[in-house]
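> after the sequence you'll find the predicted model.
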Amino acid sequence: EDQVTQSPEALRLQEGESSSLNCSYTVSGLRGLFWYRQDPGKGPEFLFTLYSAGEEKEKERLKATLTKKESFLHITAPKPEDSATYLCAVQDWDSNYQLIWGAGTKLIIKP
Amino acid sequence: KAGVTQTPRYLIKTRGQQVTLSCSPISGHRSVSWYQQTPGQGLQFLFEYFSETQRNKGNFPGRFSGRQFSNSRSEMNVSTLELGDSALYLCASSLNQNTEAFFGQGTRLTVV
């Protein structure tokens, strides 16, 4: 069965303290992996799509990487405005395009 | 370019009533998906429409239904509302079924 697990569930960092969020997945064949950011009471905001192992994408203080079994979202020198829940979703070649979502990592950046 | 628009933003209904939520996708997007989000369950997939056809359906009872119109706008309907249906309902649109999805702000439904 396809599965997506995100860790940790919550992460508290001081402003400027870099860290990584993990998204591990079990699918028969990865079509794509998606990262989103969600603020409380709002819809998720698209960040990145990764398609193959070794691929990396960057946006401001965020960098997403992909291996055959997991993806990392690295956050460098975070600021309080980076506080949000980060969601990961995967699309399997056999799932008729349906996205399988992780439960998310709640990131809190203290000033 | 306008984003995904969901209406209404907030809704309060009584148990047993029915409700219809609306979603206008980004212009040119043909795929629309609906999700239910609650604090304990995270994002739960309801259904997905592509070119007016339901392509995928999640594990929700038949009280939850949807449709997509020829202009790609979509509606979802929940009949015989229960207290447990209180949630944030999110709509997402994508150009095609294998491209990234963009979400609306959601409709916050409260059932009393």
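Arrived safely. Numbers count the residues shown, from 1 in each chain, chains lettered A, B, ... in the order given.

> who in chain A is up against chain B?
A:31-32, A:34, A:36, A:41-46, A:49, A:87, A:91, A:96-99, A:101-104 (C-beta under 8 Å from any C-beta of the partner chain). For every residue, glycine as well, the C-beta is placed using N, CA and C.

> what about these, which are in strands?
Secondary structure from DSSP state E places A:31, A:32, A:34, A:36, A:45, A:46, A:49, A:87, A:91, A:99, A:101 of the residues of chain A next to chain B in strands.

> which among the residues of chain A next to chain B count as buried?
Neighbour-count burial (16 or more other C-beta atoms under 10 Å in any protein chain shown) is assigned, among the residues of chain A next to chain B, to A:31-32, A:34, A:36, A:43-44, A:46, A:49, A:87, A:91, A:97-99, A:101-104.

> what is the burial count for the residue in chain B that chain A sits nearest to?
In chain B, the residue found nearest to chain A is residue B:103; the distance is 3.3 Å by C-beta to the nearest C-beta. By other C-beta atoms under 10 Å in any protein chain shown, the residues close to residue B:103 number 22.

> who does it form a beta bridge with?
Beta-bridge partners of residue B:103, counted by DSSP bridges, are residue B:92.

> who's in contact with residue B:57?
Residues counted as contacts of residue B:57 (C-beta atoms under 8 Å, 6 or more residues apart in numbering or on different chains) are B:46, B:47, B:48.

> wait, a strand at the first one?
Yes: under the criterion used here (DSSP: H, G, I helix; E, B strand; the rest coil), residue B:46 sits inside a strand.

> tally of neighbours for it?
Residues near residue B:46, counting by other C-beta under 10 Å: 21.

> hmm, it is touching residue B:36, no?
Yes: with contact defined as C-beta atoms under 8 Å, residue B:46 reaches residue B:36; the gap is 5.9 Å.

> skipping adjacent residues, who's closest to residue A:96 in space?
residue B:56 (5.7 Å; C-beta to C-beta, 6 or more residues apart in numbering or on different chains).

> what strand or helix carries that neighbour?
Residue B:56 is part of strand B:53-57, with elements assigned from DSSP states H and E.

> residue contacts, residue B:102?
By C-beta under 8 Å, 6+ apart, the neighbours of residue B:102 are A:46, B:3, B:4, B:26, B:29, B:92, B:93, B:94.

> between the residues you listed, which is closest to residue B:67?
residue B:93 (14.9 Å; C-beta to C-beta).

> what's the neighbour count on residue 8?
Just going to use chain A. Quick note: residue A:8 (other C-beta under 10 Å) scores 12 neighbours.

> correction: the question concerned chain B.
12.

> correct me if wrong: it contacts residue B:107.
Yes: Residue B:8 sits in contact with residue B:107 when judged by C-beta under 8 Å, with a separation of 6.1 Å.
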